[in-house]
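> Sequence and predicted structure below; questions after.
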Amino acid sequence: MWGFTLSAHCRWFVPSWACSRWPILLWVCRDNSVMAVSLSTNAIKLYSPVTGQYLGDFIGHEGTISEISFSDTNTPHLLHSCSVDGTVRAWDTRNHQQVSMLRGPSSEEIFSFSIGGSTGDLVAAGSKAQVLFWDWRNQRQVACLEECHMEDVTQVRFHPNCEDKLVSASVDGLMCVIDTKGNINDDDQLESVMNVGTSIARIGFFGASNKSLWCLTHIETLSIWNWEDALQEAVFGNARETASASWNLPHVDYFVDCHYSLPNDNLWLIGGTNDGSLGYFPVNYSRSNGQGQPSAGIIGPVGASLEGGHGGVVRSVWSPFNMRGDPVIEQNIFVWTGGEDGRLCCWSEGDISAKNQAWISAGLIMKPLKNSKQHRHRPY
């Protein structure tokens, strides 16, 4: 658990974002040279994650951008994005140009995408009750699975180590493990199904070998799964209430994301308030032996609080937890956040260096951590 205080370097880049109803998405490339930010205007802006300098933008999507991510392959300069306009696009951060585009059948909305497969060229995307697949090399659609889910597919994720394995998640409450080797079809490729029981918002692999899977739902619940055995390992009842009781800020209204810290083997649940404060809460549980019921997980006392940077709901968080020796860490940057108030906030450990005065907003030092009994309504 952290024992430091956090200061915030905040800048209101685009004031028109403040009235946006859409989330702001953040992603930083592998070498930490570029940070991409999607806007409610369907554009993507590029900044330096170290200095906050504006680097350019990408314009092309005609609907709300659902996800963005940089390539983890030999092309770290490529940014990928998907949108409800029914496309998955690739952009080159060196010349700020679109370099390729995939379009779903009948321009169906696309909510999530992931790139993997045995060659690293297979693109999976979640649409309306469908999981779509393309080959990046020839931009040809190679499969469409229609029997895995009955409602919108909100997340698709290739496994980081088992590149042929894909997990999809949906509003129907199901997570499906799909084998993408060979001819992809509904009859042979579905390996297992995990029933969460309610609409799924986000999923992610974690652990030393990425054998575990965390799952956040649209009703703000958290569960942990063993994806290989399709077993639920832990459930977290009343997670928001438990988290709210461990800090001195208003009631936790929603969960933004989970982040895994590889050096410490810690999973952190990030909760937020309607007023824009954030807390990092440790996730603790006992792994199932594969025979009994899932364990009752525990949300631990807040490890870090970020207060004063945002004035509204925070929609995206980027943390360089599993990186060492890069420019971001050397600048003591702890996390970047983006919110519906139109602000990008850069949070750093300890005191702010005098050389960064242009980035300082006064009064953004953390308050002492105390228990709180305040409660507020959820933002949805």
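Great, that's in hand.
> Okay, strands next: where are they in the stretch 151-300 of the chain?
Assigned by DSSP state E, counting those that start in this stretch, the strands in the stretch 151-300 of the chain fall at 153-158, 165-170, 174-179, 190-195, 200-206, 212-217, 222-226, 231-236, 254-261, 266-272, 278-284, 295-296, 298-299.
> what about Pro160, how many neighbours?
13 (other CB atoms under 10 Å). From N, CA and C alone the C-beta is placed, and that goes for glycine too.
> Could you dump the strands of the stretch 151-300 of the chain into JSON lines and include mean neighbour count and mean pLDDT?
Shown next, in JSON lines, are these (neighbours: other CB atoms under 10 Å; pLDDT from 0 to 100):
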{"stretch": "strand 153-158", "mean neighbour count": "24", "mean pLDDT": "98"}
{"stretch": "strand 165-170", "mean neighbour count": "25", "mean pLDDT": "98"}
{"stretch": "strand 174-179", "mean neighbour count": "21", "mean pLDDT": "97"}
{"stretch": "strand 190-195", "mean neighbour count": "16", "mean pLDDT": "96"}
{"stretch": "strand 200-206", "mean neighbour count": "21", "mean pLDDT": "97"}
{"stretch": "strand 212-217", "mean neighbour count": "23", "mean pLDDT": "97"}
{"stretch": "strand 222-226", "mean neighbour count": "23", "mean pLDDT": "96"}
{"stretch": "strand 231-236", "mean neighbour count": "20", "mean pLDDT": "93"}
{"stretch": "strand 254-261", "mean neighbour count": "20", "mean pLDDT": "93"}
{"stretch": "strand 266-272", "mean neighbour count": "24", "mean pLDDT": "94"}
{"stretch": "strand 278-284", "mean neighbour count": "22", "mean pLDDT": "92"}
{"stretch": "strand 295-296", "mean neighbour count": "14", "mean pLDDT": "83"}
{"stretch": "strand 298-299", "mean neighbour count": "20", "mean pLDDT": "92"}
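> in the sheet, who's paired with His259?
As for beta bridges, His259 partners with Trp268 under DSSP bridges.
> ok, it to Gly342 distance?
Distance of His259 to Gly342, given as CB to CB, to the nearest Å: 23 Å.
> and Gln130, how far is that from Leu231?
27 Å.
> Same check on Gly104?
33 Å.
> returning to that earlier point: tell me which of the strands of the stretch 151-300 of the chain sits nearest to Ser40.
strand 254-261 (17.3 Å; CB to CB).
> Just the angle for that closest one relative to strand 266-272, thanks.
Interaxial angle, strand 254-261 versus strand 266-272 (axes from the mean of the first three to the mean of the last three CA atoms, to 10 degrees): 160 degrees.
> Packing partners of strand 254-261?
strand 200-206, strand 212-217, helix 239-244, strand 266-272, strand 278-284, strand 314-318 (3 or more CB pairs under 8 Å, 6 or more residues apart in numbering; DSSP states H and E).
> could you redo the last one with a cut-off of 10 Å?
Here strand 254-261 touches strand 200-206, strand 212-217, strand 222-226, helix 239-244, strand 266-272, strand 278-284, strand 314-318, strand 333-339, going by 3 or more CB pairs under 10 Å, 6 or more residues apart in numbering; DSSP states H and E.
> can you list these in a markdown table and add distance to His96?
Listed next are these as a markdown table, based on distance: least, CB to CB, whole Å:
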| stretch | distance to His96 |
| --- | --- |
| strand 200-206 | 29 |
| strand 212-217 | 33 |
| strand 222-226 | 38 |
| helix 239-244 | 40 |
| strand 266-272 | 31 |
| strand 278-284 | 31 |
| strand 314-318 | 21 |
| strand 333-339 | 20 |
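> Minimum distance to Gly303: which of those has it?
The closest of the helices and strands packed on strand 254-261 to Gly303 is strand 278-284. By CB to CB, the value is 4.9 Å.
> in its sheet, what does the closest one sit against?
Using DSSP bridges, the strands paired with strand 278-284 in its sheet are strand 266-272 (antiparallel), strand 298-299 (antiparallel), strand 304-306 (antiparallel).
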